[in-house]
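*Asks:* predicted model and sequence below, questions to follow.
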Amino acid sequence: MNEKMSDALNQQINAELYSSYLYLSMASFCKRLNLEGFARWMEVQALEELSHAMKFFNFVNERGAKVELKAIAGPPVSWDSPLSVFEAVYEHEVKVTGLIYDLVNLATEARDHATVNFLQWFITEQVEEETSADNIVQKLRLIGSDGGGLYMIDQELARRVFTPLPGTTILAGAGA
C-alpha cells in the first residue's frame, strides 16, 4: 500500500471514530429528552461506527502499513428536536459516503485492488446507513409534533441491537 493510501485510510479511521463520538453525543441528547429508544438507536450506531473504525484499523495493519491515531474532534452536544438529530444523522452519513467514494477513487488510481475490494463492503454499508436514517427522518416529518407518533417511533428504535462485525473481536460481547 502506498503512503498516500495509508494516510487516507488513517484519516478514515479518525472519521469513523468521530462518527462514534457524534452518535454517543446524540444518544446523550436523546436521553435528556427521555427518548430512550432514540438513545438506544444512537448507542448501537456508535458501536457500529467503532466497529467500522476497527475494520479499517485491522485492514491497515494487515497490509503492513502504520496506523496513526490522531485526536478526535468534539461533536455537537445539542440539537433542536428529535427530527433535527436524525436530519444531522442523514447529513453525516451522506458525508461519510463521500469519504468512502474518495477512498475508492484513490485506491483505483493507485491500482490498489486489495483496497478497492475491501472498500466495497463500506459502499454497501453506506447505502444501508443513508436509507435507514432517511426512513426515520421521513417518519418524524410525517408525525410532526404528534406525541403519540413520537412515542411509537421511540418504541420502534428501542428494539435495535448491535451485532459485532467479523474480524472486530475487540467488540465481541458488547452488543446486548
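*Replies:* Ah, there it is. Numbers count the residues shown, from 1 in each chain.
*Asks:* any idea which residue is closest to the centre of the protein?
*Replies:* Centroid-nearest residue in the chain: residue 49, 4.0 Å away (criterion: Cα atoms, centre = their mean).
*Asks:* residues of stretch 55-71 that come out buried?
*Replies:* 55, 56, 57, 58, 59, 60, 65 (16 or more other Cβ atoms under 10 Å). Every C-beta, even on glycine, is put in place using the N, C-alpha and C of the backbone.
*Asks:* alpha carbons only: can I get stretch 143-151 in PDB?
*Replies:* Extracted C-alpha coordinates of stretch 143-151, given in PDB (Å, rounded to 0.1, in the frame of the first residue of the first chain):
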ATOM      1  CA  ILE A 143     -45.800  12.700  12.600                       C
ATOM      2  CA  GLY A 144     -44.800  16.300  13.100                       C
ATOM      3  CA  SER A 145     -45.400  17.300  16.800                       C
ATOM      4  CA  ASP A 146     -47.700  14.300  17.500                       C
ATOM      5  CA  GLY A 147     -46.600  12.900  20.900                       C
ATOM      6  CA  GLY A 148     -48.200   9.500  20.200                       C
ATOM      7  CA  GLY A 149     -46.300   9.100  17.000                       C
ATOM      8  CA  LEU A 150     -43.000  10.100  18.600                       C
ATOM      9  CA  TYR A 151     -43.700   7.500  21.400                       C
END
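*Asks:* got the contact list for it?
*Replies:* Contact with stretch 143-151 is made by 35, 82, 139, 140, 142, 153, as judged by Cβ atoms under 8 Å, 6 or more residues apart in numbering.
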